[in-house]
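[1] This is the structure alone, sequence omitted:
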């Protein structure tokens, strides 16, 4: 099987033209015409994940997040060129040493109906009655619960010991909005959930400014982490590839959380 043949199937599910403008998807490293017998599907191709993939002799990495830290043009601080950043150099060496190619499915995978990250997040949280949606956000009707009970439910579904929360724990909620991944890095994001009628939001990674914006809208917010909010959709991608290519070794490698709360 050629890597580009695998990519073609991913693009059947998630066409490249469905990605957000300016978002970079497709092959980002290696030879699309390389023959592959094993595929690694992951959220972020960290050095640890790439090492595990190399050990499993994976010839193709299908990832959601970028494989390298790109240089940003900013007046706030100076930073090295993309090719000179130490984490990138380490990843380059590993990829070259093991002849792996990297294919990215990002915002185009977010938007895939049912299986993609945006729909899969709500389903993974156990929400089934959708009553509103934006391009990437969703709103669900649920049996009325307090914010405190909703927090416990979210932690249980995601296997998290703790989450970051803003809002009155005793507030009763019957409509929950979701916005997975890094949407909470855009501090106006809660506006859409609020406008769609959500009484609380469950999000992935959230800025301090986003929390404060949501609080002043009167919209309680639960931050779950970027990786956990998108893991359901990335697992779906791995399962779909395994079903399509039963003769290939397709494995999902969790990116994990490298930090701890003290």
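    Structure's in. What do you need? Just so it is clear, the model here is predicted, and its values are computed rather than measured. Numbers count the residues shown, from 1 in each chain.

[2] And the strands in the stretch 1-150 of the chain, which stretches?
    Here the stretch 1-150 of the chain has its strands, by DSSP state E, counting those that start in this stretch, at 26-29, 38-42, 60-63, 101-104, 129-133, 138-146.

[3] Any buried residues in the second one, and which?
    Within strand 38-42, the residues scored as buried using 16 or more other CB atoms under 10 Å are 39-42. Using the backbone N, CA and C atoms, a C-beta is placed for each residue, glycine as well.

[4] same check, this time on the fifth one
    For strand 129-133, burial by neighbour count (16+ other CB under 10 Å) applies to 132-133.

[5] contacting residues around residue 219?
    Residues near residue 219 by CB atoms under 8 Å, 6 or more residues apart in numbering: 167, 177, 190, 193-194, 198-201.

[6] Among the residues you listed, name the ones in helices.
    Residues of the contacts of residue 219 located in helices (DSSP state H): 190, 193-194.

[7] For residue 78, find the nearest of the strands of the stretch 1-150 of the chain.
    Nearest of the strands of the stretch 1-150 of the chain to residue 78, taken as CB to CB: strand 26-29 at 24.8 Å.

[8] Are there helices or strands packed against that closest one, and which ones?
    Secondary-structure packing of strand 26-29 (3 or more CB pairs under 8 Å, 6 or more residues apart in numbering; DSSP states H and E): helix 3-13, strand 101-104.

[9] Could I get the buried residue list for that strand?
    Neighbour counts over strand 26-29 (16+ other CB under 10 Å) mark 26, 28-29 as buried.

[10] shouldn't residue 206 be in contact with residue 164?
    Yes - using CB atoms under 8 Å, residue 206 is in contact with residue 164, at 7.0 Å.

[11] circling back: mind putting the ones in helices among the contacts of residue 219 into JSON lines with neighbour count, distance to residue 134 and pLDDT?
    Output for the ones in helices among the contacts of residue 219, formatted as JSON lines (neighbours: other CB atoms under 10 Å; distance: CB to CB, whole Å; pLDDT from 0 to 100):
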{"residue": "190", "neighbour count": "29", "distance to residue 134": "12", "pLDDT": "97"}
{"residue": "193", "neighbour count": "29", "distance to residue 134": "8", "pLDDT": "98"}
{"residue": "194", "neighbour count": "18", "distance to residue 134": "11", "pLDDT": "98"}
